[in-house]
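# Coordinates only, no sequence provided:
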């Protein structure tokens with residue numbers, strides 16, 4: 001039986017990295033919910049952030065990975081949803097801390113700014129790190145009280 005289902009989504013700038021991480025997740029025996037895109041044609045990253053939010057809101061996936069060219073736009077779009085804690089990371093340390101301190105439920109990577117080995121390492125750190133709770137829980141709770 002596969003481990004947790006991890007949702008994946010990207011725009012055209014992250015499509016190659018998405019394919020690489022999909023293979024990695026399958027090797028690690030995770031279920032994968034691929035939300036697209038599937039080719040190099042230009043698409044709009046907010047649409048894929050919305051698909052990720054719906055996958056997590058509905059319970060079809062507990063966690064996800066988003067990618068665009070830099071990871072910046074898609075992380076901004078994903079964090080519009082109060083139940084999403086999307087963390088744009090650049091290395092293993094920020095991926096680990098995004099989970100242990102911020103309880104990030106979405107990892108965000110730059111398809112044009114990150115190499116494949118660093119991306120694989122970030123993915124593994126994101127999957128293998130548990131939220132520490134404690135003083136961090138109070139801060140995460142405050143983030144869920146976003147003002148509109």
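Arrived safely. Every value quoted in this text rests on a predicted model; they were computed, and no experiment measured them.
# May I see the buried residues of stretch 93-100?
For stretch 93-100, burial by neighbour count (16 or more other Cβ atoms under 10 Å) applies to 94, 95, 96, 97, 98, 99, 100. Backbone N, C-alpha and C define where each C-beta goes, glycine included.
# and if you look at stretch 70-80?
Neighbour counts using 16+ other Cβ under 10 Å place 70, 71, 73, 74, 75, 76, 77, 78, 79 of stretch 70-80 among the buried residues.
# so the fourth one sits right up against residue 53, yeah?
No: checked against Cβ atoms under 8 Å, the pair residue 74 and residue 53 is beyond contact range at 11.3 Å.
# can you list contacts of the single longest strand found in the chain?
When the chain is parsed with DSSP state E, its longest strand is strand 3-10. Strand 3-10 is contacted by residues 17-18, 21-22, 25, 28-37, 45, 48-49, 51-52, 55-56, 60-68, 74, 111, 127 when judged by Cβ atoms under 8 Å, 6 or more residues apart in numbering.
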